[in-house]
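coords below, sequence missing:
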């Protein structure tokens, strides 16, 4: 008796006791899963000891937070006088009382300072003519005015941001006046809220879709419900482990519950459909042990390869990506344990198996595709090479970039408000620089150079106002801290909300304009350099994740089958779907961004599953037959139905991500669905063609 058969017998004989243990673990995991929060802030993209994050924390300690919430009110009668100023005063008082807001600035505060100084002229004209206020705090025509609420700095900001922004929204609601709200922190909170809704919507939709597909494929409700129950338990185990580790969901890891659910469903279906092909005459235990013993090795191998595809993301420098990889990998391995136990219960009850009968159009489709590859191996391989070349050419056009605001739909209030603020006032995102003078340099000369730099920078595309110590000295009003006592000067330019690549170009353009006195040093500071750094992390994650997954997956296949030849058969049929995926991204202009960064490694771990099942069955058939063509026909006839069925389930399961409110997650799910659809074609066309072209007695 093989080791797999002995394990199957052990599970069968103790299935009730094992079920009680799994039920207790599921209850414990559900309790831990309730601790999972939501966090889309900076810390999900950077390690605590990342030099760029350390520099940002240092900037916050010295100058305060550069994270602001911008609130804009509009009145046709004007905001720089009478009722407009009164509204701003009330808003400033409400926002200043919010715990977590360090400072609120507006033209109302400026007007109070002017009155206190004895100013008796036309206050509205004074405000509109002041270059330090115009476009930043008030529009040129005076119809729009902004309040800038600066957050309290500190590492605790990420944890309290949702509460602070919520309190700001409630404070503004008490004014009962239409307003527009934007800012980096406001954007993070919007993503947090969408992540919560997305996780619920995607999971619910996937659950409903899976039940319908399973009922259709298995033709009985009992095995459909059992399969879904096993997959849900695997998802609960995953989220329980995630919660026990103190992690929070984000727009990357929100894909994890649905991914684990869909993959575990596919493994259970493979076992049940194989059981439907076996005769029912044998004694139930013997039959169940034989079925489980036969399916354990390929199911274990596919679980391991899928887990490797995710676990390869553990090499990513992005904490969010690393968490997705490691916890999803653990969930898939736990799902394998639950799948074996669930299959034992299904085989113990005649109604727990699929209804016997013809396998329908999925079997006919598998035989048609496999037969085509067998009859025309040379043409099939030639077409595959041409498709690979075309997809590779399109894939070369994929750009690496991330645009956080672009994750929201164009109709989202935060995105609309951001566009309106930039239209009626000016860009509002602060781009910070620190200027250090040369030892012994004259301060006046440095300040004169900074002023010239400001005027040149303000003329650059996408740049709005600027602020430095020069402006504070001229106006006599210091709105922010401009010097930390070490001689370094803080210079701020406002830039529009844009992608990381565009931020980098704007930053480089501003640095190029910084023609300061000899010896002066200028460096970018604040949040935006971190945003730019994400691009490097995204590239590193994609390259390292895919390289590790590729070597590990095919290495495991070679070891499991003890054959480099078998592993080599798996490479082309799994490489083409990934290249096709990137080809579609390049042709459609879809960026490789913070959400799609995981896609290559994940797809490799998923598409290889059907290949493993095909090769496992092929090797068994080759052991009984001399002729490769006969072995292929038998393999396609027995395994083809399950491969097409599970591919449909996986493809439609990931297509559920099309319901997401976060654009990049839509791309993530639909691209994986596309790759899985291509994968079933390559398995049933390329593998038979390769065997026929490479066969030997």
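Yep, that arrived. Source: prediction; values computed, not measured. Numbering: from 1, shown residues only.

so where does the closest residue to residue 25 other than its chain neighbours fall, helix or strand?
With sequence-adjacent residues excluded and distances taken as C-beta to C-beta, 6 or more residues apart in numbering, residue 25 is closest to residue 237, at 6.8 Å. C-beta here means a position set from N, CA and C on the backbone, and glycine is covered the same way. Using DSSP states H and E, residue 237 falls within helix 221-244.

and that helix, what does it pack onto?
If you count contacts as 3 or more C-beta pairs under 8 Å, 6 or more residues apart in numbering; DSSP states H and E, helix 221-244 packs onto helix 15-33, helix 184-218, helix 256-276, helix 319-347.

tabulate the ones you listed (JSON lines), appending mean neighbour count.
Output for those, formatted as JSON lines (neighbours: other C-beta atoms under 10 Å):
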{"stretch": "helix 15-33", "mean neighbour count": "15"}
{"stretch": "helix 184-218", "mean neighbour count": "20"}
{"stretch": "helix 256-276", "mean neighbour count": "26"}
{"stretch": "helix 319-347", "mean neighbour count": "25"}
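
nearest to residue 585, of these?
Residue 585 lies closest to helix 319-347 among the helices and strands packed on helix 221-244, at 17.5 Å (C-beta to C-beta).

next, the angle helix 184-218 makes with that closest one.
Helix 319-347 and helix 184-218 are oriented at 20 degrees to each other (axes from the mean of the first three to the mean of the last three C-alpha atoms, to 10 degrees).

sec struct for residue 104, please.
Classification of residue 104 using DSSP: H, G, I helix; E, B strand; the rest coil returns strand.

so what's the residue count around it?
Residue 104: 24 surrounding residues under other C-beta atoms under 10 Å.

and it, what is it in contact with?
For residue 104, the contacting residues are 92, 95, 96, 147, 148, 149, 150, by C-beta atoms under 8 Å, 6 or more residues apart in numbering.

pull out the buried members of the residues you listed.
Neighbour-count burial (16 or more other C-beta atoms under 10 Å) is assigned, among the contacts of residue 104, to 92, 95, 147, 148, 149, 150.

surely the fifth one is within a helix?
No. In this structure, residue 149 is strand, not part of a helix, as judged by three-state DSSP.

that one and residue 527: what is the separation?
Residue 149 sits 16 Å away from residue 527, going by C-beta to C-beta, to the nearest Å.

residue ranges of each domain in this structure, please.
Following automatic domain parsing, one finds the domains of the chain at 3-33+189-405+532-694, 68-182, 413-528.

how far is the first one from where the chain is centred?
The reference is to domain 3-33+189-405+532-694. 19 Å (C-alpha atoms, centre = their mean, to the nearest Å).

what is the end-to-end distance of that domain?
Domain 3-33+189-405+532-694 has an end-to-end distance of 32 Å (criterion: C-alpha to C-alpha, to the nearest Å).

helices or strands up against the helix or strand hosting residue 543?
Assigned by DSSP H and E, residue 543 belongs to helix 528-561. Applying 3+ C-beta pairs under 8 Å, 6+ apart, we find helix 528-561 packed against helix 51-63, helix 284-311, helix 319-347, strand 429-436, helix 500-513, helix 564-588, helix 599-624.

cutoff 6 Å now
Other elements packing on helix 528-561 under the criterion 3 or more C-beta pairs under 6 Å, 6 or more residues apart in numbering; DSSP states H and E are helix 51-63, helix 284-311, helix 500-513, helix 564-588, helix 599-624.

quick check: which of those is buried the most?
The highest mean neighbour count among these, using mean count of other C-beta atoms under 10 Å, belongs to helix 599-624: a mean of 24.

elements contacting the helix or strand sitting right after it along the chain?
Where DSSP H and E defines the elements, the next helix or strand beyond helix 599-624 is helix 628-655. Contacts defined by 3+ C-beta pairs under 6 Å, 6+ apart place helix 628-655 against helix 184-218, helix 256-276, helix 360-375, helix 599-624, helix 663-694.

out of these, the one nearest residue 287 is which?
helix 256-276 (8.4 Å).

relative to helix 221-244, how tilted is that closest one?
Relative orientation of helix 256-276 and helix 221-244, computed by the same axes, to 10 degrees: 150 degrees.

averaged pLDDT, helix 256-276. What do you get?
Averaged over helix 256-276, pLDDT sits at 84.

got the angle between it and helix 15-33?
170 degrees.

name the residues that touch helix 256-276?
Applying C-beta atoms under 6 Å, 6 or more residues apart in numbering, the external contacts of helix 256-276 come out as 202-203, 206, 210, 223, 227, 230-231, 234-235, 238, 291, 295, 299, 306, 324, 328, 331-332, 335, 339, 343, 353-354, 642, 646, 649-650, 653.

cool, stretch 507-523 as well?
By C-beta under 6 Å, 6+ apart, the list of residues contacting stretch 507-523 reads 433-438, 441, 445-446, 449, 453, 456-457, 460, 524.

ok, the residues you listed vs residue 549, which is closest?
Nearest to residue 549 among the contacts of stretch 507-523 is residue 524, at 34.3 Å by C-beta to C-beta.

and that closest one, that's in a strand?
Yes. Counting by three-state DSSP, residue 524 is located in a strand.

if I look at the nearest residue to it once chain neighbours are set aside, how far off is residue 527?
Closest residue in space to residue 524, ignoring its immediate chain neighbours: residue 507 at 5.4 Å, by C-beta to C-beta, 6+ apart. Look at residue 507 and residue 527: by C-beta to C-beta, they are 12 Å apart.

for the chain, name the helix or strand with the lowest mean pLDDT.
Here the helix or strand of the chain ranked lowest by mean pLDDT, DSSP states H and E is helix 469-475, holding a mean of 73.

helices and strands around it, which ones?
Counting by 3+ C-beta pairs under 6 Å, 6+ apart, helix 469-475 packs on helix 443-458.

and the helix it packs on, how far out from the chain's middle?
So, by C-alpha atoms, centre = their mean, the centroid of helix 443-458 is 41 Å from its chain's centroid.

how many degrees apart are that helix and strand 429-436 in direction?
With the same axes, to 10 degrees defining the directions, helix 443-458 sits at 150 degrees from strand 429-436.

contacts for helix 443-458 next, please.
For helix 443-458, contacts defined as C-beta under 6 Å, 6+ apart pick out 437, 463, 466, 468, 470, 491, 493, 510, 513, 514, 516, 517.

the first one: neighbour count?
In this case it means residue 437. Around residue 437 there are 21 residues (other C-beta under 10 Å).

same question for the fifth one.
Residues within reach of residue 470, counting by other C-beta under 10 Å, total 20.

residues in contact with it?
So residue 470 contacts 447, 450, 451 (C-beta under 6 Å, 6+ apart).

measure the residue nearest to residue 230 when sequence neighbours are not counted to residue 221 for me?
Closest residue to residue 230 apart from its sequence neighbours, by C-beta to C-beta, 6+ apart: residue 342 at 3.7 Å. Note on residue 342: its distance to residue 221, by C-beta to C-beta, is 15 Å.
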